[in-house]
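1. got a sequence here, can you build the structure:
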Amino acid sequence: MQTALAGFALGLSLILAIGAQNAFVLRQGMMRRHVLPVVLVCAISDAVLITAGVAGFGALTTAIPGLELWMRLAGAAFLIWYGARTLLSACFGGEALRAGEGTQSLRAAILTCLAFTWLNPHVYLDTVVLLGAVSAQYDDRLAFGAGAVVASFAFFFALGFGARALAPVFARPAAWRVLDAGIGLVMWAIAAKLLSGL
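-> This next block holds a predicted model:
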């Protein structure tokens, strides 16, 4: 149990930082659009990556020359595009401005969520590399990994479904525009950080 709690604590601390994926889940939660599929995609993706790290695949990025570079470029390109799209929405009021409304299809929401997850090099560094390396310090790596997976599920479900509490605030178009502007700037900041590491 102590090992599982250590995995839970580390997994939660890594995922709490505001990032592109979390911002997207928060927005979907406040719009009440495809929340369950989105949080499931995030949590299951994390579970796959954590399991890979705990199973010892943390050296994948070093084993394949150039993989990290291409991951960084693809992730930065996607974040720049999505950030621009979100900033345009902030300026011109693109998507629906009331909770429960929106034009994005389920397929588009899932594909966007998958892109935020699988095109982000930091996700691999946090889950596969870091959690994988730390799990090696424990006799029961399975319990450590299980704790980290539970943390991921708990966080994404709390974020996605807890965002509904903010719905009254976002009943005003101005609040959505401020949120979109913040999300767009976060996306660009993360993209700049990815590119600065090249």
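2. what's the pLDDT at Leu60?
-> Leu60 is assigned 58 on the pLDDT scale.
3. equivalent analysis for Trp81, please.
-> Here the pLDDT value assigned to Trp81 is 84.
4. in which helix or strand does it reside?
-> Secondary structure from DSSP states H and E places Trp81 in helix 67-92.
5. off-centre distance for that helix?
-> 14 Å (C-alpha atoms, centre = their mean, to the nearest Å).
6. contact partners of the helix or strand hosting Arg27?
-> If you go by DSSP H and E, Arg27 is part of helix 20-31. With contact meaning C-beta atoms under 8 Å, 6 or more residues apart in numbering, helix 20-31 is reached by 15, 34-35, 38-39, 42, 79, 82, 95-96, 99-102, 109, 112-113, 116-117, 120, 123, 156, 159-164, 166-167, 170, 179, 182-183, 186-187, 190. No exception for glycine: its C-beta is placed from N, CA and C like everyone else's.
7. sorry, back to before: which parts of the helix holding Trp81 are buried?
-> Residues 68, 71-72, 74-76, 78-80, 82-83, 85-87, 89-90 are the ones in helix 67-92 that count as buried (16 or more other C-beta atoms under 10 Å).
8. now the contacts of helix 20-31: which count as buried?
-> Taking 16+ other C-beta under 10 Å as the criterion, what is buried in these is 15, 34-35, 38-39, 42, 79, 82, 95, 99, 102, 109, 112-113, 116-117, 120, 123, 156, 159-160, 163, 170, 179, 183, 186-187, 190.
9. ok, the residue sitting furthest away from the middle of the chain - contacts?
-> Farthest-out residue of the chain from its mean C-alpha position, per C-alpha atoms, centre = their mean: Asp139, at 29.2 Å. The neighbours of Asp139, taking C-beta under 8 Å, 6+ apart as the test, are Thr3.
10. does the nearest residue to Val54 once chain neighbours are set aside belong to a helix, a strand or coil?
-> Closest residue to Val54 apart from its sequence neighbours, by C-beta to C-beta, 6 or more residues apart in numbering: Gly145 at 3.6 Å. Following DSSP: H, G, I helix; E, B strand; the rest coil, Gly145 is assigned to helix.
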